[in-house]
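**Q** predicted coordinates and the sequence they were generated for:
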Amino acid sequence: MTKPILRVENLYKKFKDTEVLKGLSLTVDEGEVVVIIGPSGTGKSTLLRCINRLTEPDAGDIYLGEHKIESGKSNLSRIRQQIGMVFQDFNLFNHLTALQNVAIGPVKVKKTDKKKALKLAMKELERVGLADKAQSYPAELSGGQKQRVAIARALAMDPKIMLFDEPTSALDPELIGEVLEVMKDLADAGMTMMVVSHEMGFAREAADRIVFLEDGVVSEMGSPEKIFNNPEKERTREFISKIARLHGGDDLELTYK
Amino acid sequence: MIEHVQFFIKIWPELFKGLVVSLQLSAGALLLGLAIGLPMALMRTYGKGFIKTLAVGYIELIRGTPMIVQLFLIYYGLPDMGILLDRIPAAIIALGINSSAYQAEYFRGAILSIDEGQGKAAQALGMTKQQAIINIILPQALRLVLPPWSNEVIYMVKYTSVAFLIAVPELMARGKMIISWTFKPLETLFWVGVIYVIILSVIAKIVDIIERKLAIPGFQMSRED
Ligand SMILES: Nc1ncnc2c1ncn2[C@@H]1O[C@H](COP(=O)(O)OP(=O)(O)OP(=O)(O)O)[C@@H](O)[C@H]1O
Ligand SMILES: [Mg+2]
């Protein structure tokens, strides 16, 4: 029934002398929400960046659907269009309004007619609840609003999968909820998502699977229940209890409700 | 007092002709400097190997030699190689080449100050590196470069006075001519100075208006306040 949309096979990456990814393999099914957790410096960001080739892996294969992701030029642009990426520090284009930020991908990359692109952009802004901020520049938005615009910008390319790299960790606590809510809606709408996040409330509520990354490989994975309540490895249990203390979610109450 | 004003009225037509030439030199040299400087900045920032070395060599060579040498080389040196230039084109080319090296460094500084996440986000959307530079990096860098660039405009108007050394009839050269007819160096130079001050403050004002027009929240212009 389920079919894999993203396959990462035996991924290796090292920077100078530090080996970061050591033969990591991971598959994500269509419509699945995978939350990735793991200690700092373990290669979570590197994994996401290898997937859309912002970082070039040393070895290993990555497939999006049937297509192998390679660094040849035209192929790469086509693949990246299908992979939405949301960064920790938003990276909105500072010289463009919220609306232009969302429209520029379709206009410049997909060569969508400008009027059509603006209409589409407005729809995506509505989807993240920011239609009234369409004409604001990034400097005029709060962190939470910036991140929601960044999500809309990625969605405007109509991606097959969305990658989130700690989307709320640069936010003030009171702004985290609005971003998680948008992500939750997205998950409910059936978007395939790969989310690096230590927001346990979100993981419990939205994740189909939790992947515990350590030392450059998948150390353990399973349903939220299994990972939170009955992990196989002691190391996983330790890590979960550590982040539960830091990020809440020690009960089933969602942090953002 | 009256006689000073009368003197000014008498010499004004000559000075005005000189002013027009000075402004032509400035505009020509600034545009030439932009046309060479921006590509040089891109080559130095993004280029590799020979391209990068070429840009670095050009910029450092120009910045490392006095402008007067460059001017004389172009006006007196090129004819030896069979290239004969009129005074005004020779002055524009010399001033323009000189300016291009400085403009290149302004542009490069602005490009480097743009957060690297901007280009990464553009590439993540599927833009090629060139598309990211053209659509995302440069529009931001050009806004950041406006304050140093407007200083370059003002320097340039003043620098054009060196063109009088190859007898280009610009403002300073006209002043010198007037002195040789009237034997009134002090008054003449006084009025030449006044014209420079007035024209420079008008230009500063215009640049200021342009900066305000292009201002975007989050791109605070460092020249304000
Ligand atoms: N461009 C780079 N050059 C050199 N080293 C890098 C680079 N990017 C990442 N690293 C190193 O690779 C390791 C893994 O980094 P990565 O950012 O993938 O970890 P992470 O799991 O995302 O950590 P965090 O939770 O802190 O974000 C770190 O030791 C980091 O210093
Ligand atoms: Mg990271």
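**A** Cool, got the structure. Just so we're clear, the structure is a prediction, and the values are computed from it rather than from any experiment. Ligands and ions are numbered 1, 2, ... in the order given.

**Q** what sits against the residue of the stretch 101-250 of chain A found nearest ligand 1?
**A** Closest residue of the stretch 101-250 of chain A to ligand 1, Cβ to the nearest ligand atom: residue A:166 (6.2 Å). (Each C-beta comes from the backbone N, C-alpha and C, glycine too.) Contacts were defined as Cβ atoms under 8 Å, 6 or more residues apart in numbering or on different chains; by that measure residue A:166 touches A:44-45, A:88, A:196-198.

**Q** rerun that using 6 Å as the cut-off
**A** Counting by Cβ atoms under 6 Å, 6 or more residues apart in numbering or on different chains, residue A:166 makes contact with A:88, A:196.

**Q** gap between it and residue B:92?
**A** To residue B:92, residue A:166 is 54 Å away according to Cβ to Cβ, to the nearest Å.

**Q** same check, this time on residue B:176
**A** In terms of Cβ to Cβ, residue B:176 sits 20 Å off from residue B:92.

**Q** between the two, which has more neighbouring residues?
**A** residue B:92 (26 against 17; other Cβ atoms under 10 Å in any protein chain shown).

**Q** ok, whichever strand or helix holds that one near chain A or not?
**A** According to DSSP states H and E, residue B:92 maps onto helix B:87-113. No - Helix B:87-113 lies apart from chain A when judged by Cβ under 6 Å from any Cβ of the partner chain; the minimum separation is 11.7 Å.

**Q** next one: stretch B:124-139
**A** Yes - shown here: stretch B:124-139 in contact with chain A (Cβ under 6 Å from any Cβ) through B:124-127, B:131, B:135-136, B:139.

**Q** closest to residue B:152 out of those residues?
**A** Proximity of the residues of stretch B:124-139 next to chain A to residue B:152, judged by Cβ to Cβ, is greatest for residue B:139, which lies at 19.6 Å.

**Q** what about that closest one, which helix or strand?
**A** Assigned by DSSP H and E, residue B:139 falls in helix B:138-159.

**Q** for that helix, the averaged confidence score.
**A** The average of the pLDDT scores along helix B:138-159 is 91.

**Q** what comes up buried for it?
**A** B:138-150, B:152-154, B:156-157, B:159 (16 or more other Cβ atoms under 10 Å in any protein chain shown).

**Q** quick one: which helix or strand includes the residue most central in space within chain A?
**A** Centroid-nearest residue in chain A: residue A:164, 1.6 Å away (criterion: Cα atoms, centre = their mean). Per DSSP H and E: residue A:164 is located in strand A:161-165.

**Q** torsion angles phi and psi at the residue in chain B that chain A sits nearest to?
**A** The nearest approach of chain B to chain A comes at residue B:218, 2.8 Å away (Cβ to the nearest Cβ). Phi and psi for residue B:218, reported as degrees, to the nearest 10, are phi 100, psi -20.

**Q** residue contacts, it?
**A** Neighbour list for residue B:218: A:94, A:137, A:139 [criterion: Cβ under 6 Å, 6+ apart].

**Q** mind checking how far it is from residue A:146?
**A** Look at residue B:218 and residue A:146: by Cβ to Cβ, they are 11 Å apart.

**Q** go on, residue B:189?
**A** Taken as Cβ to Cβ, the span from residue B:189 to residue A:146 is 57 Å.

**Q** which one's more surrounded, the two?
**A** Comparing residue B:189 with residue A:146 by other Cβ under 10 Å, the one with more neighbours is residue A:146, at 26 against 15.

**Q** list the buried ones in stretch A:9-21?
**A** A:11-13, A:20-21.

**Q** filter those down to the ones in helices?
**A** If you go by DSSP state H, those have nothing in helices.

**Q** including distance to chain B, could these go into JSON lines?
**A** Below are those laid out as JSON lines (distance: Cβ to the nearest Cβ, whole Å):
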{"residue": "A:11", "distance to chain B": "18"}
{"residue": "A:12", "distance to chain B": "22"}
{"residue": "A:13", "distance to chain B": "17"}
{"residue": "A:20", "distance to chain B": "18"}
{"residue": "A:21", "distance to chain B": "19"}
